[in-house]
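Enquirer: This is a predicted model, with the sequence first.
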2 protein chains.
Amino acid sequence: MKQLTDIGEDALIARLVRDLESGADVVTGPGDDCAVVDIGHADRYQLLKTDCLVEGVHYLADAEAEKVGWKAIARVVSDFAAMGGTPSQLLVTLVMPGGQSVDYLEQLYRGMQQCAAQFGAVISGGETSSVPTGSAAVISVAGTGWVRKDQLVLRSGGQVGDLVMVTGLLGGSIRGKHLSFTPRVTEAAWLAEYFPLHAMMDLSDGVAKDLPRLATMSGCGFIIREDQVPCSENVDVAAALGDGEDYELLFTIAPDHLERLQSEWGRQFPDLALSVLGELTVAEVGIQSEAGGWEHFTS
Amino acid sequence: MKQLTDIGEDALIARLVRDLESGADVVTGPGDDCAVVDIGHADRYQLLKTDCLVEGVHYLADAEAEKVGWKAIARVVSDFAAMGGTPSQLLVTLVMPGGQSVDYLEQLYRGMQQCAAQFGAVISGGETSSVPTGSAAVISVAGTGWVRKDQLVLRSGGQVGDLVMVTGLLGGSIRGKHLSFTPRVTEAAWLAEYFPLHAMMDLSDGVAKDLPRLATMSGCGFIIREDQVPCSENVDVAAALGDGEDYELLFTIAPDHLERLQSEWGRQFPDLALSVLGELTVAEVGIQSEAGGWEHFTS
């Protein structure tokens, strides 16, 4: 009998959502960073997202609670950014062993509240449950957000010939950035407002796993130019492409916008790198990087 | 240092949400069955809810997967009903050990889809993660729903002298009902449309735990008349009040509506009991049942 470890996360999700019914008001369902729902507003869609942190998978038991809380919210905020949107309401489900200290949870919530406030979101509900002794803690965060209809960017809009671009430096997030990163909400909103982006997502599992997802949903292949990969300090190209949890923006845009984009980006965000990783190609000639990213269930 | 087991779920939540900032658009935040948000519609509010099932706490590993899936969705649907509302979009976070069979998850999703479809909801997104070996599986479901502004019923609206009423028969859910119950969406919407309910919630932890929550939020005490408690077959009064997971509606209403309510209910829902459990009283003379309900972290 097939187990989760045999098929990997993407194939699992594909099988699970295969028989789901879709609603007339769902603009984009499972498969993108957020679900997109038309709730009858003239100029904006509602975004919906759920996510989780698992102790021992996404953070260690001895990690600083406030940073774990920040990360739990920041991951979801990053998914709203990935659509060109902003977060609004957040709901927190805490699944914790009964022996956990109340102080720890208060610090966890302090970190969550800080991140929510920084990005204009509110924690408006939640749920708590115990777990059996010895089980890992789980923090699940779900949320709603908003995106202007004319600024919505999906994973599926990439076109052959698009440049594949990325913000920031890649790799080595495990050394600390994964607990304290800044979701690129401001940058994504600016990009979506001033440039005709074709496709966008945030980098959670690493370019080597995430770019194929974007390319596949866009019906394209891709080429990465390894000498153009913006590596974090003391990180080689393989790790920069393979490491997860960068939470940078990966997007595609027609090449004739490059000059204006680079020039205006440099003035707007002088401290954040913006790089051309490669380009989208005809599907048949897609060349995938050899580096392995991080995929749940199979690694 | 205080642990979760020392303070109980209600006190924990009170401490965690104490320092949260609220948003101008939040009508009702943490503490009710759902959060209530004003998103600018003329005649309806959006409802938000998150919940979870933990293996070994809310279901056993050998329980039928399809029923576990039904329960995961039905619990959330029941919370929308408790506000007088209906569910719309649902998001599913699966935290599963890598050794779990894909067949199991497909059956789980089948049960979720059946319940969603029966109540007009759509599963529009999700997330998956692994857990370390030996950890319990967790299924977290979050969702959005709608309620007409003039039919919203909170926990906090109860008034001294209100009758405390309950649908169905109480207790013994662990024998099977907890995996296959019908959320009272239809009944709650009918009640909220045709009767001026003061307060409502769904019974998840048992009357002995849940009624004090409703009474406290309404600034009242309560009396339960033990001889009027509608017990499930082979369940005594203590178990009927103390057992969790009934997922029936608990609501309060001024006594002068009782006659019309009983008569119209009997015609509308002839197969579902409707009982007067007791009444709301001045807070100071509140008499609490001796029976202990189920509270996470302390039991």
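Expert: That came through fine.

Enquirer: For the stretch 1-150 of chain A, which segments are assigned as helices?
Expert: A:4-17, A:65-81, A:102-118 (DSSP state H, counting those that start in this stretch).

Enquirer: What is the last one packed up against?
Expert: Other helices and strands packing on helix A:102-118, by 3 or more C-beta pairs under 8 Å, 6 or more residues apart in numbering or on different chains; DSSP states H and E, are helix A:65-81, strand A:86-96, strand A:122-130, helix B:4-17. From N, CA and C alone the C-beta is placed, and that goes for glycine too.

Enquirer: Distance-wise, check A:Met1 relative to chain B.
Expert: Taking C-beta to the nearest C-beta, to the nearest Å as the measure, A:Met1 falls 5 Å from chain B.

Enquirer: Can you give me every residue that contacts that residue?
Expert: By C-beta atoms under 8 Å, 6 or more residues apart in numbering or on different chains, the residues touching A:Met1 are B:Ser101, B:Val102, B:Asp103.

Enquirer: Can you flag the weakest of the helices and strands packed on helix A:102-118 by average pLDDT?
Expert: Mean pLDDT values for those show the minimum at helix B:4-17, a mean of 85.

Enquirer: Now do the buried residues in that one.
Expert: For helix B:4-17, a neighbour-count test (16 or more other C-beta atoms under 10 Å in any protein chain shown) marks B:Leu4, B:Ile7, B:Gly8, B:Glu9, B:Asp10, B:Leu12, B:Ile13, B:Leu16, B:Val17 as buried.

Enquirer: where's the nearest residue in space to A:Ala63 that is not next to it in sequence, which helix or strand?
Expert: Nearest residue to A:Ala63, sequence neighbours excluded (C-beta to C-beta, 6 or more residues apart in numbering or on different chains): A:Leu179, at 6.3 Å. Using DSSP states H and E, A:Leu179 sits within helix A:177-180.

Enquirer: Okay, buried residues for the next helix or strand along the chain from that helix please.
Expert: Next helix or strand after helix A:177-180 toward the C-terminus (DSSP H and E): helix A:185-194. Using 16+ other C-beta under 10 Å as the test for burial, helix A:185-194 gives A:Val185, A:Glu187, A:Ala188, A:Ala189, A:Trp190, A:Leu191, A:Ala192.

Enquirer: I'd say the last one and A:Thr86 touch.
Expert: No - judged on C-beta atoms under 8 Å, A:Ala192 makes no contact with A:Thr86 at a distance of 10.7 Å.

Enquirer: got any residues that touch both of the two?
Expert: What both A:Ala192 and A:Thr86 touch, as defined by C-beta under 8 Å, 6+ apart, is an empty set.

Enquirer: Show me how chain A divides into domains.
Expert: A:4-151, A:155-285 (automatic domain parsing).

Enquirer: for those, which one ends up most surrounded?
Expert: domain A:4-151 (a mean of 21; mean count of other C-beta atoms under 10 Å in any protein chain shown).

Enquirer: Give me the distance from that domain to the chain's centre.
Expert: 11 Å (C-alpha atoms, centre = their mean, to the nearest Å).

Enquirer: ok, now stretch A:254-265?
Expert: Counting by C-alpha atoms, centre = their mean, stretch A:254-265 comes out at 23 Å from the chain centroid.

Enquirer: Excluding residues flanking it in the chain, which one is nearest the one residue in the stretch 51-200 of chain A that gets nearest to chain B?
Expert: Per C-beta to the nearest C-beta, A:Ala142 is where the stretch 51-200 of chain A lies closest to chain B, at 3.3 Å. The shortest distance from A:Ala142 to any non-neighbouring residue, by C-beta to C-beta, 6+ apart, is to B:Ala142 (3.3 Å).

Enquirer: What confidence value was assigned to A:Glu226?
Expert: 87.

Enquirer: Now it. Nearest residue, chain neighbours left out?
Expert: A:Glu226 sits nearest to A:Val237 (C-beta to C-beta, 6+ apart), 5.1 Å away.

Enquirer: Hmm, A:Cys231 and the one you found touching each other?
Expert: Yes - using C-beta under 8 Å as the test, A:Val237 is close enough to A:Cys231 to be in contact (6.2 Å).

Enquirer: I figured A:Leu163 hits A:Pro255, correct?
Expert: Yes - in terms of C-beta under 8 Å, A:Leu163 counts as a neighbour of A:Pro255; the distance is 5.2 Å.
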